[in-house]
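# Sequence first, then the predicted structure:
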Amino acid sequence: MTAPVCAADGDLIPAVRTGLLIGGQVVDGRGEPIPVTNPATGEVFTTVAAADEQDVDDAVRCAQETFQSGVWRDLPIHDRARLINRFADGIEGRMKDLYRLETANNGRPITETKAQITRLAEWYRYNAALLLADRSSVIPMRGDYHTYTSRFPLGVVAILSSFNHPMMIASKSLAPALATGNTVVLKPSEQTPLTALLLGEIAQDAGIPDGVLNVVPGLGPSAGAALVEHPLVKKAVFTGGTEPGRAIAVATARRFAKATLELGGKSPVLIFDDTPVDVAARGAAFGGFIGAGQTCIAGSRLLIQRSFYNDVVEALSKVASAIRIGDPALETTQLGPVISRRAQERILGCIRTGLDEGARLAAGGHAAQVPGLPGGFFIEPTVLADVTNSMRVAREEIFGPVVVAIPFEDEDEAVALANDSDFGLGSAIWTRDVARAHRVASRLETGMVWVNDHHRLDPSSPWGGVRDSGVGREGGWESFNDFTHVRAVTVRTAPDDVDWYGGIATDRLN
Ligand code: NAD
């Protein structure tokens, strides 16, 4: 099942798969087919198959059989690493199709999509390298024993990804899940299923055995829920909203399956008055408006030292108003649409709420009109000033191009405001004072802290949140190891045999 699909630049990508991938077969789903919309035009440009609960069960059982067969789990690690590197080669080979398709599907400007996706293969190569670099540790057990650890894979891993960075989000977990020998059922967001289907095809072309990676687009409450509740799924990695994340935490805990939950955020950006005003304004715009603010770590809560608060708000408003909004397929576009009409209306509603609460509109605030794209879901980059940390716009995730600006007096107040949030994903500090940078970083209760920057991630660096931003980490050894169980192997090296009942026991058991 394939269909020609119009890429972001208007060219046709001739044969994009639109069926589910289960056990190496491309099959029709039993769910209602999913219309895929280009957010820049508001038009449906293709339809993909959707999995229902039965399809999800088929995919999980197939992944389980493949796992049990040993075709992947028992492959010598050098061969598994070689196949994962070949998968990375395939991703690089289809790079242009991948980023054009992704931009057509989620509306992110092509320059941003390229900047992100040209690094995609690194996640696979890094985790293949960890597989070869992994060493077991020797444990200093008391007595005549040689104790060491080794790791074994979990089984079937479910990956449920969000719409905002479909391939990067999927790959952050897919790479370590595959490297450690698990099999995977990937359910992309129903809003952005196309590139996940292409990833499945690339994996097959690379020689990853059938059934190791299964891809099942489908709706969250039906296919997604069936996947995380499936008794054969041993770990769920969910990237999405905090409320579905809470339900998934409960569903997995009930059967003691693992869960990594990458949820929402309201990342504080602490801007101290030793930062030049133009540097602060550009940094805040970068933190807040990339991806039209649809990133979990968007720097959406600006905490600005009062001594230069008005200057920064004014400079930021000028930067925001100059951002080029337009067709995401064009290299000159700096800000694309948000994902859907519904999201556009919701975000505009949040702006109205902020104004009702007493915020001052310093920039933007409206739907943007883009010539030639009357049906697109565009929103002006928006700055809400004179906000207090108790307002809803300061506490709730907006997930659009909207930042709020809150003044603070000194370092202690900045830290207190930053930590006064239900979320704890990312944060940023802007200062020229190196001692303050480290001091403040050590007091922020977030999984990531950037100093004089934002948005940076790497396969080697742990990523994840605290509180309502989730549990678990992606990236680095932390993530790699969490796709395995550890086992301790204890070998008796004493010259005599065990004879516990032969007399009075004098051995220690612990
Ligand atoms: P979403 O929660 O609507 O959907 C995410 C995925 O979960 C989709 O595949 C969806 O089909 C599925 N899903 C939805 N409800 C489900 C349910 N009840 N059971 C099982 N699966 C379900 O999120 P979204 O709108 O695609 O993404 C935006 C959210 O993702 C934001 O809150 C953002 O902060 C968060 N996010 C977090 C990170 C991170 O690393 N922490 C990264 C990106 C996005």
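Perfect, thanks for sending it.
# Enumerate the positions of stretch 390-404 that are buried.
In terms of neighbour count (16 or more other CB atoms under 10 Å), stretch 390-404 has its buried residues at 391, 393, 394, 397, 398, 399, 400, 401, 402, 403, 404. To be clear about C-beta, it is placed using only N, CA and C from the backbone, and glycine gets the same treatment.
# Same question for stretch 195-209.
Buried residues in stretch 195-209, counting neighbours by 16+ other CB under 10 Å, are found at 195-204, 206, 208-209.
# And the ligand, is it touching that?
No: looking at stretch 195-209 against the ligand by CB under 6 Å from any ligand atom, there are no contacts, and the closest approach is 9.6 Å.
# I'd like the average pLDDT over that stretch.
Computed over stretch 195-209, the mean pLDDT rounds to 97.
# Hmm, residue 220 is touching residue 244, no?
Yes: taking CB atoms under 8 Å as the definition, residue 220 is a contact partner of residue 244 at 6.4 Å.
# All the strands of the stretch 251-400 of the chain, residue numbers only.
Counting by DSSP state E, counting those that start in this stretch, the stretch 251-400 of the chain has strands at residues 258-262, 268-271, 301-305, 360-363, 382-385.
# With respect to the ligand, which of those lies nearest?
Nearest to the ligand among these is strand 258-262; the distance by CB to the nearest ligand atom comes to 3.4 Å.
# residues in contact with the closest one?
The set of residues external to strand 258-262 that reach it, using CB atoms under 8 Å, 6 or more residues apart in numbering, is 154, 169, 173, 234-240, 245, 248-249, 252-253, 296, 463-465, 469-474, 479, 482.
# So what are the sheet partners of it and their directions?
strand 233-239 (parallel), strand 470-471 (antiparallel) (DSSP bridges).
# The ligand is nearest to which of those?
Among the strands paired with strand 258-262, if distance is taken as CB to the nearest ligand atom, the winner is strand 233-239, at 4.7 Å.
# How far off centre is that closest one?
Here the centre of mass of C-alpha atoms in strand 233-239, compared against the chain's by CA atoms, centre = their mean, to the nearest Å, lies 13 Å away.
# related to what we said a few turns ago, now the buried members of the contacts of strand 258-262.
154, 169, 173, 234-240, 245, 248-249, 252, 296, 463-465, 469-474, 479, 482.
# Just give me the neighbour total for the residue lying closest to residue 476 once chain neighbours are set aside.
What sits nearest to residue 476 in space, not counting adjacent residues and going by CB to CB, 6 or more residues apart in numbering, is residue 462, at 4.6 Å. One way to gauge burial is a neighbour count; for residue 462, by other CB atoms under 10 Å, it gives 16.
# before we move on, the earlier item: and the ligand, which of the contacts of strand 258-262 reach it?
Residues of the contacts of strand 258-262 in contact with the ligand (CB under 6 Å from any ligand atom): 169, 239, 240, 248, 296, 465, 470.
# Distance-wise, check the residue nearest to residue 476 relative to residue 449.
Applying CB to CB, to the nearest Å, the value for residue 462 to residue 449 is 12 Å.
# for residue 324, same thing?
In this structure, residue 324 and residue 449 are 30 Å apart, going by CB to CB.
# partner residues bridging residue 363?
Assessed by DSSP bridges, residue 363 has beta-bridge partners residue 383.
# Provide a list of residues in contact with it.
In this structure, residue 363 makes contact with 316, 317, 318, 320, 321, 380, 381, 382, 383, judged by CB under 8 Å, 6+ apart.
# Please repeat the previous calculation with a cut-off of 6 Å.
Listed by CB atoms under 6 Å, 6 or more residues apart in numbering, the contact partners of residue 363 are 317, 320, 321, 383.
# and if you look at residue 178?
Residue 178 is in contact with residue 84, counting by CB under 6 Å, 6+ apart.
# One more: residue 54?
For residue 54, the set of contacting residues under the criterion of CB under 6 Å, 6+ apart consists of residue 30.
# Stretch 484-493: how far from the chain's middle?
With CA atoms, centre = their mean as the basis, stretch 484-493 stands 33 Å off its chain's centre.
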